[in-house]
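> Fold the following.
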Amino acid sequence: MKFRLKAASGPLTGETFELGAEASTIGSNASMDVVIDGLAGEHATIRAHEGGLVIEPIKTGAVFVNGEAVDGMAGLTSGDEVRLGELRFVLQAPGLKPQRVLHQTKPKRRPRWGWLLAGLLAGAALALGYLYIQRPDVLGRAMESFKGGEPVTEPAPTEPKPTEPRPTEEPAP
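Below is the predicted model:
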């Protein structure tokens, strides 16, 4: 039966790599049976063994099967998750439905407080700009207050009282 690796993460997602009937060497060297950039030159070997498949790391290649590190040799079945370095693959046997399905990892949610802080600072800058241009008297009083001095109190401007019309005397008849 012919197996293949299907990329499940990274820039190769969705690509498939056919494995040989007896053995396939995997790595970034051009001499490998399956050449994949981003792996060690000679990363791993997948080969037939006692009616199934096994994977073995070559030299310094990091190999994980279903999340567990492989030291030496590990058996493989259709649907297994194989991680070579930082790349994840699913082992597929054509015509067989995999027994396991990869679980999508949720991306870490980053806190959004940075945007809130930026918005508050921008709002404060706009308010100070408005006070500087439109109401310098209010800004001056506020600055004196922040400096620890007594706030400058200016009397409120008074409007002149409207003059009352004088009663006109009408001549008596």
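> Remind me what the biggest helix by length in the chain packs against, helices and strands.
Ranked by residue count and defined by DSSP state H, the top helix of the chain is helix 113-134. Counting contacts by 3 or more C-beta pairs under 8 Å, 6 or more residues apart in numbering; DSSP states H and E, helix 113-134 is packed against helix 136-146. C-betas here are computed from N, CA, C, even on glycine.
> tilt between the helix it packs on and helix 113-134?
Interaxial angle of helix 136-146 relative to helix 113-134 (axes from the mean of the first three to the mean of the last three C-alpha atoms, to 10 degrees): 120 degrees.
> Now helix 136-146: buried residues?
Of the residues in helix 136-146, those buried under the neighbour-count criterion (16 or more other C-beta atoms under 10 Å) are 139, 141.
> for stretch 58-78, same thing?
Of the residues in stretch 58-78, those with enough neighbours to count as buried (16+ other C-beta under 10 Å) are 58, 61, 63-65, 70, 74, 76-78.
> Going by distance to A23, which of those wins?
Distance to A23, by C-beta to C-beta, is smallest for I58 among the buried residues of stretch 58-78, at 11.7 Å.
> From P111, how far off is the closest residue to the closest one other than its chain neighbours?
The spatial neighbour of I58 that comes closest, neighbours along the chain excluded (C-beta to C-beta, 6 or more residues apart in numbering), is E42 at 4.4 Å. Computed as C-beta to C-beta, to the nearest Å, the E42 to P111 distance reads 42 Å.
> Give me the more crowded residue out of the two.
Counted by other C-beta atoms under 10 Å, E42 and P111 do not tie: E42 has more neighbours, with 18 against 7.
> who are the neighbours in contact with that one?
The neighbourhood of E42, defined by C-beta atoms under 8 Å, 6 or more residues apart in numbering, consists of 25, 27, 29, 32, 58-59, 61.
> Pull the most distant pair out of these.
Of all pairs drawn from those, the widest gap by C-beta to C-beta lies between M32 and K59 and measures 12.4 Å.
> Just to check, G41 is in contact with A30?
No: assessed by C-beta atoms under 8 Å, G41 is found out of contact with A30, at 9.5 Å.
> Looking at these two, which has the bigger crowd around it?
The residue with more neighbours, out of G41 and A30, is G41; 14 against 7, by other C-beta under 10 Å.
> which SS state does that one fall under?
The three-state assignment at G41 reads coil, by DSSP: H, G, I helix; E, B strand; the rest coil.
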